[in-house]
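Student: task: produce atomic coordinates for the following.
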Amino acid sequence: MELSALTLRVLLLFFPGVLCAMIVEMLTPRREHTGPAFLTASFVFGISTYLLLSGTGAVLSRIAVEFGWEPLPSVTFFQALVDPSQQILWGEIGASAIAGVVLAGLVSALQNYKVLHRTARRFHISSKFGELDVWSHFLASPDIGWILVRDVEADRTYEGWLEAYSDSGDDAQLLLRDVRIFESEAGAELYRTKRVYLGRDKHVLVIETRE
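Tutor: So this is what the prediction gives:
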């Protein structure tokens, strides 16, 4: 498929936004994304990176003027977006990409630590907890460490420390360490092992914790 000059221009200008969206997607747990959702995020992040770059440049230019130095050049992104005759500045795209990496880190931290949801709950705006589902909300609790996992179908009970778990999906993936395996019905201990990986349907597992 042949790209028009306008399409190529837009892709180049919004490269920082796409980069930012990709980093956020890699650093945060999320359900399977759709094309439109990713494009929307890239557009929002793209505009945001240039706004961040423009604001930072304005502050640095003011400081430079105070010291008698030359101010930094203005950001030309918004003009280049609507004016085909405006030259694309590669240095500006590179600087915006760096701003995009910084923005991606901030957005990922805010999302992973559920800052928005905690603030909303604090002011009684929303009761949502911010995780993908109750599975992630339960296992992400800082109080979770030692757990007891009952596999109803296999008649097995696993007792150990939670080391890792899957973020979402119908299949429950758990990694336990220092594990004791029991026969659930009889309660007899079968054996002990250093680590156990469990990949089961969530509906056949019961997870318990103790104080």
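
Student: all contacts plus neighbour counts: C-alpha atoms, from now on.
Tutor: Noted.

Student: okay, now the unreliable bits of this protein?
Tutor: 1-6, 31-33, 132, 168-170, 211 (pLDDT under 70).

Student: tell me the secondary structure of the residue of it positioned farthest from its centre, please.
Tutor: Farthest-out residue of the chain from its mean C-alpha position, per Cα atoms, centre = their mean: residue 186, at 43.1 Å. Three-state assignment for residue 186 (DSSP: H, G, I helix; E, B strand; the rest coil): coil.

Student: what's the following helix or strand after the helix or strand encompassing residue 78?
Tutor: Secondary structure assignment for residue 78, by DSSP states H and E: helix 77-82. Downstream of helix 77-82, the first helix or strand assigned by DSSP H and E is helix 90-112.

Student: by contact count, what packs against that next one?
Tutor: Under the contact criterion of 3 or more Cα pairs under 8 Å, 6 or more residues apart in numbering; DSSP states H and E, helix 90-112 touches helix 15-27, helix 35-66.

Student: out of those, which comes closest to residue 194?
Tutor: Of all these, helix 15-27 sits nearest to residue 194, with 28.7 Å by Cα to Cα.

Student: could you tell me the angle between the direction of that closest one and that of helix 90-112?
Tutor: On the basis of axes from the mean of the first three to the mean of the last three Cα atoms, to 10 degrees, helix 15-27 is oriented at 30 degrees to helix 90-112.

Student: report the buried residues of helix 15-27.
Tutor: 15-25 (16 or more other Cα atoms under 10 Å).

Student: now these in CSV, with distance to residue 103?
Tutor: Putting the buried residues of helix 15-27 into CSV (distance: Cα to Cα, whole Å) gives the following:
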residue, distance to residue 103
15, 14
16, 10
17, 10
18, 12
19, 10
20, 7
21, 10
22, 12
23, 10
24, 9
25, 13
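
Student: before we move on, back to that, in the helix holding residue 78, which residues are buried?
Tutor: By neighbour count on 16+ other Cα under 10 Å, the buried set for helix 77-82 is 77, 80-81.

Student: please save the CA atoms from stretch 8-19 in CSV.
Tutor: C-alpha atoms of stretch 8-19 as CSV (Å, rounded to 0.1, in the frame of the first residue of the first chain):
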residue,chain,number,x,y,z
LEU,A,8,3.6,9.9,6.1
ARG,A,9,3.8,13.4,7.6
VAL,A,10,1.1,12.6,10.2
LEU,A,11,2.8,9.3,11.1
LEU,A,12,6.1,11.0,11.6
LEU,A,13,4.6,13.8,13.7
PHE,A,14,2.7,11.3,15.9
PHE,A,15,5.6,8.8,16.3
PRO,A,16,6.2,10.1,20.0
GLY,A,17,2.5,9.3,20.8
VAL,A,18,2.7,5.8,19.4
LEU,A,19,5.9,5.2,21.3
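
Student: what's the spacing between it and its chain's center?
Tutor: Chain-centre distance of stretch 8-19: 21 Å, with Cα atoms, centre = their mean, to the nearest Å.

Student: so what touches it?
Tutor: 39, 41-49, 77, 81, 88, 93-94, 96-101 (Cα atoms under 8 Å, 6 or more residues apart in numbering).
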